[in-house]
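Colleague: Based on what follows, work out the 3D shape:
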Amino acid sequence: MPWTVRLLNETVADELRAQPDDIRASLVRVREAITRDGPIGLPGTFVRHITGELWELRLKGKGGIARALYVTASRQRLFIVRVFTKKTQKTPPQEIKLALVRAKEIV
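Modeller: Next up, the predicted model:
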């Protein structure tokens with residue numbers, strides 16, 4: 001059974017639309033790889049564990065770098081709960097908190 005990758009809601013879709021074209025294209029490529037191989041099958045350069053159930057997809061383009069925070073659910077589903085432009089070395093704590101709050105919406 002292949003993995004599915006979904007955006008949690010329209011707010012997350014808006015966050016993604018606000019990113020530059022090359023960052024959105026990077027997510028499309030990573031999304032295709034996850035659908036084919038699952039998140040664990042990705043090279044370590046794309047995925048990093050944040051805390052608990054929260055993971056990070058690293059997105060890069062000429063326009064800068066961004067992160068998509070996600071959680072997995074049963075039946076091989078991955079939900080992206082937050083997309084943001086990365087401006088600091090570490091993932092900001094407020095981004096992690098927001099993602100964890102949003103992750104509670106998944107049933």
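Colleague: Just give the number of residues close to Gln94.
Modeller: Gln94 is flanked by 9 other residues according to other Cβ atoms under 10 Å. For glycine as for every other residue, the C-beta is placed from the backbone atoms N, C-alpha and C.
Colleague: quick one, what contacts it?
Modeller: Taking Cβ atoms under 8 Å, 6 or more residues apart in numbering, we find Gln94 in contact with no residue.
Colleague: How much space separates it from Arg82?
Modeller: The spacing between Gln94 and Arg82, counted by Cβ to Cβ, to the nearest Å, is 10 Å.
Colleague: Over to Arg36?
Modeller: 24 Å.
Colleague: what is the residue nearest to the spatial centre of the chain paired to in the beta sheet?
Modeller: The residue lying closest to the centre of the chain (Cα atoms, centre = their mean) is Ala68, at 2.7 Å. Beta bridges link Ala68 to Leu57, Val83, judged by DSSP bridges.
Colleague: surely it meets Thr85?
Modeller: No - counting by Cβ atoms under 8 Å, Thr85 is not a contact partner of Ala68; they are 11.2 Å apart.
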